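Enquirer: Give the three-dimensional model of this entry:
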Amino acid sequence: MNVIRRENPTFPDRIVGEVNETSVADVDPIVQRSHAAFKEWSGLSLEQRCQVLADAADLVTPELYDQIATLMCAEVGKPLPDSRGEAMYSVSLLRFNIAQASKVLADHVIDDEAGKLVRTRVAFGVVLAITPWNAPIVLSMLKVAPALVAGNSIIVKPSPQAPLAVTLLLETIAAGLPDGVLQVVHGGPEAGDAFVTHPLVRKIAFTGGDVVARHIGVSAARMITPTVMELGGNDAAIFLEDALLDDAAFDRIALATFMMGGQVCMASKRIYVHRGAYDDFVAGFIAACKRSVIIGDPMIEGVTVGPVVSRAAQERLEKLVSDSIAAGGEVIEVGTVIDEEVVANGYFVRPRVVLNLTDEAQLVCEEQFGPLVPIQAYDDIEEVIARANATELGLAASVWSADEDRAFEIAKRIESGFVFINTHNRTGMTPRAPFGGVKKSGFGREYGDEGLLDYTQNVSLHAPAAYRPGGSGGSANAYPGTS
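Expert: This is a model prediction of the structure:
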């Protein structure tokens, strides 16, 4: 059996661990097992499923959180407190879906003079989740939790660049569930294609880049398999002329830009500042980075930014820096490095601010997915709204203003699926708010009621009044509402 080995991006000569690779020949037995489990799992009442899931969540102990955090920190370079926080938050998302289930999935009944209509929700069957490396546990749980609560079984295929921590967490939860309800598999494109095109896979949930999304979309379309996709973003942060820019606000936007080395789909990726406040903003942002963007070994206390995920990512981002300089950009290194030797030898990219670029520069008009950010000046609100919307992507954005009502009005005009007010990225999230993209940033929603409903199908049960016991009857071929 082939194995997938994961190197440590902080210390690339170290192997963090390995997982067994799923072969194409393994795919059908895995899906058949999941399908059989679905029949049993969906036969339980909602209350029974929720109780089993709550008990399974209790299997994740504080000691296990520590183990998971250490693995995630090593395999993707996410600072240790952030890694532990992600694991804990993911289990809280499972509990959130459990708590919401009875309200969100309840039958909707109309019983009146027109007849009786029952709208109920049913599971799809086998769900396939294909998840990325940058937030491997949360982005898996956002699919696992609603899928299982709704009565589906699920197969999770994590990224080969982050297979270890997510496997440990999900297999711990799976141990508390009926056999086959939750399975974790590993492999490359061939195994992925075999799962996507299997006739018993009834729903596909994907988070990642547009190239893979297009491939999955074509294959899923051939099978007529519905999908939900959360893709990339080129997320604009718009600071109005009255934005309150104290140290706390600057720290929020600095970390919203550079946490996880900027490798976050909803990170601040383009910053727009009113020209009258531009110079002060740049100075304040650089000062905040010195305070809060601490670069080094992510296992070390106090470090907030570790390496990028791979040498390929490092090389791509350094080329983007060179291209920005060639395009006329002024590049400023920011943050505080605490260990130059570690940073020199790992897959680190020093965070940088880039000034004086045009909107046509690659760093401005494309998602960088790394610790580089352009700061752009604007003159009036109509101009900045147009510039923020001048992209094919629309995942997230933010508007910053002392006038909250004005910020909300402007936010409505931004072409993004989620707009933060006076913050950005992680600090602006809430489980109750649906999250997902518009335009080419995807479709479907995670979080909120919609995130649970996306793993169910609406089934209508209808008894017209005319044909209910004691009804008047009617023509055998009449159109509804006609005599």
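Enquirer: quick one: Ala254 and Lys290 touch, right?
Expert: No: Ala254 lies out of contact with Lys290 (Cβ atoms under 8 Å); the separation is 9.2 Å. Using the backbone N, CA and C atoms, a C-beta is placed for each residue, glycine as well.
Enquirer: what about those two, which has more around it?
Expert: Ranked by neighbour count (other Cβ atoms under 10 Å), Ala254 and Lys290 place Ala254 first, with 27 against 12.
Enquirer: From Thr423, how far off is the more buried one?
Expert: Distance, Ala254 to Thr423, using Cβ to Cβ, to the nearest Å: 12 Å.
Enquirer: same check, this time on Leu71
Expert: 29 Å.
Enquirer: Ok, Ile294 next?
Expert: If you go by Cβ to Cβ, the gap between Ile294 and Thr423 works out to 20 Å.
Enquirer: ditto for Gly284
Expert: 16 Å.
Enquirer: How about Val27?
Expert: 43 Å.
Enquirer: who does Val201 bridge with?
Expert: Val126 (DSSP bridges).
Enquirer: cool, and the one 5 residues further on?
Expert: Counting by DSSP bridges, Phe206 forms beta bridges with Ile130, Met229.
Enquirer: check contacts around it.
Expert: Ala129, Ile130, Val212, Ala213, Ile216, Thr227, Val228, Met229, Glu230 (Cβ atoms under 8 Å, 6 or more residues apart in numbering).
Enquirer: redo that, cut-off 7 Å
Expert: Ile130, Ala213, Ile216, Thr227, Met229 (Cβ atoms under 7 Å, 6 or more residues apart in numbering).
Enquirer: Kindly report the same for Leu148.
Expert: Leu148 neighbours (Cβ under 7 Å, 6+ apart): Leu53, Ile154, Val181, Leu182.
Enquirer: 8 Å instead?
Expert: Trp41, Arg49, Leu53, Ile154, Leu177, Val181, Leu182.
Enquirer: in a helix, that's where it is, yeah?
Expert: Yes: under DSSP: H, G, I helix; E, B strand; the rest coil, Leu148 sits within a helix.
Enquirer: Count residues in the vicinity of the closest residue to Phe250 other than its chain neighbours, would you?
Expert: Distance criterion Cβ to Cβ, 6 or more residues apart in numbering; nearest residue to Phe250, sequence neighbours excluded, is Ala288 at 3.6 Å. Ala288 has 23 neighbours, counted by other Cβ under 10 Å.
Enquirer: And Ala74, by the same measure?
Expert: 25.
Enquirer: Helix, strand or coil: sort out it for me.
Expert: Classified using three-state DSSP, Ala74 is helix.
Enquirer: and the gap between Val297 and Ile338?
Expert: Rather than Val, residue 297 is Asp. 8 Å.
Enquirer: What residues of the helix ranked longest in the chain count as buried?
Expert: If you go by DSSP state H, the chain has its longest helix at helix 80-104. For helix 80-104, the neighbour count (16 or more other Cβ atoms under 10 Å) marks 80, 82-91, 93-98, 100-101, 104 as buried.
Enquirer: quick one: the spatially most central residue of the chain and Met72, what's the gap?
Expert: By Cα atoms, centre = their mean, the chain has its centre lying nearest to Leu139, at 4.9 Å. Here Leu139 is placed at a distance of 12 Å from Met72 (Cβ to Cβ).
Enquirer: likewise Gly473?
Expert: 65 Å.
Enquirer: More neighbours: which of the two?
Expert: Of the pair Gly473 and Met72, Met72 is the one with more neighbours under other Cβ under 10 Å, namely 30 against 7.
Enquirer: what's near enough to touch that one?
Expert: Lys78, Ser83, Glu86, Ala87, Pro136, Ile137, Ala162, Leu164, Ala165.
Enquirer: Am I right that the first one is in contact with Val264?
Expert: To tie it back to what came earlier, the one meant is Lys78. No: with contact defined as Cβ under 8 Å, Lys78 does not reach Val264; the gap is 10.2 Å.
Enquirer: Looking at those two, which one has more neighbours?
Expert: Lys78 (30 against 21).
Enquirer: if I've got this straight, that one is in a helix?
Expert: No: counting by three-state DSSP, Lys78 is not part of a helix but coil.
Enquirer: My guess is Glu21 contacts Glu190. True?
Expert: No: counting by Cβ under 8 Å, Glu190 is not a contact partner of Glu21; they are 10.0 Å apart.
Enquirer: neighbour-wise, which of those two wins?
Expert: Glu21 (17 against 11).
Enquirer: Looks like Phe250 contacts Ala283 (just checking).
Expert: No: counting by Cβ under 8 Å, Phe250 does not reach Ala283; the two are 9.7 Å apart.
Enquirer: ok so, going back, list residues touching both of Asp297 and Ile338?
Expert: In contact with both Asp297 and Ile338: Val303, using Cβ under 8 Å, 6+ apart.
Enquirer: Pick out whichever of these two has more residues nearby.
Expert: Asp297 (20 against 14).
Enquirer: so is Arg426 in a helix, a strand, or just coil?
Expert: Arg426 ends up helix, using three-state DSSP.
Enquirer: Tell me the spacing between it and Ser83.
Expert: 13 Å.
Enquirer: do the same with Asp405
Expert: 38 Å.
Enquirer: where along the stretch 351-483 of the chain do the strands fall?
Expert: 352-355, 372-378, 393-394, 396-400, 418-421, 438-439, 442-443, 456-464 (DSSP state E, counting those that start in this stretch).
Enquirer: ranking these by burial, who's on top?
Expert: Most buried of those by mean neighbour count (mean count of other Cβ atoms under 10 Å) is strand 396-400; its value is a mean of 28.
Enquirer: contacts for that strand?
Expert: Counting by Cβ under 8 Å, 6+ apart, 233, 235-240, 243-244, 249, 253, 256, 265-266, 268, 388, 407-408, 410-411, 414, 416-425, 428, 435 sit against strand 396-400.
Enquirer: run the last query once more with 6 Å
Expert: Contact partners of strand 396-400, identified using Cβ atoms under 6 Å, 6 or more residues apart in numbering, comprise 233, 235-239, 243, 266, 407, 410-411, 414, 416, 418-422, 424.
Enquirer: Give the ChimeraX command for selecting the buried subset of these.
Expert: Here is the ChimeraX command that picks out the buried ones among these, judged by 16+ other Cβ under 10 Å:
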select :233,235,236,237,238,239,243,266,407,410,411,414,416,418,419,420,422,424
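Enquirer: Domains in this structure, by residue range?
Expert: 3-231+441-461, 236-428 (automatic domain parsing).
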